[in-house]
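S.K.: From the sequence below, what's the structure:
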Amino acid sequence: MMDFARGGTRQAIAINLLAEMAYWLYSASLESSVWQATIGKKLLGLYVTDVNGKRVSFARASGRFVGKSLEQLTLFIGFLAAGFTARKQALHDIVAGCLVLRKV
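M.R.: Numbers count the residues shown, from 1 in each chain. Below is the predicted model:
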């Protein structure tokens with residue numbers, strides 16, 4: 001029998017895993033598409049590129065997503081790097097070799 005204090009029911013875990021997979025597919029698919037952005041980024045005029053200004057692959061967009069997920073474990077400290085780097089990259093962008101740029 002599963003201990004509810006240590007993680008919940010199997011159904012709750014399965015739903016959380018499915019939701020995380022759906023969010024990964026949404027993010028990585030759209031950031032590696034011709035849009036180069038999720039719907040929110042698109043509305044804000046932002047897009048994701050590699051450090052050479054080219055469209056990112058699905059694998060690179062997935063790495064960026066995994067990096068963002070891991071930063072949640074460190075209370076989002078990796079996002080603070082954007083305030084101190086020349087290209088305004090968060091830690092997950094540096095590791096994945098990505099830039100988030102604004103269309104002018």
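S.K.: which sections of this structure are below the confidence cut-off?
M.R.: Counting by pLDDT under 70, the chain contains low-confidence ranges at 1-7.
S.K.: redo that, cut-off 50
M.R.: The chain contains residues with pLDDT under 50 at 1-2.
S.K.: As a check, name the ranges of all helices in it.
M.R.: 10-31, 39-44, 58-73, 91-96 (DSSP state H).
S.K.: So which of those helices is the most surrounded?
M.R.: Across the helices of the chain, the average number of neighbours (mean count of other CB atoms under 10 Å) peaks for helix 91-96, which reaches a mean of 20. Heads up, the C-betas are built off the backbone N, CA and C, glycines and all.
S.K.: any residues touching it, and which ones?
M.R.: Helix 91-96 is touched from outside by 56, 60-61, 63-64, 66-68, 70-71, 77-79, 81-82, 85, 98-100, with contacts defined as CB atoms under 8 Å, 6 or more residues apart in numbering.
S.K.: circling back: do you know which of the helices of the chain lies nearest residue 50?
M.R.: Residue 50 lies closest, by CB to CB, to one member of these: helix 58-73, at 6.6 Å.
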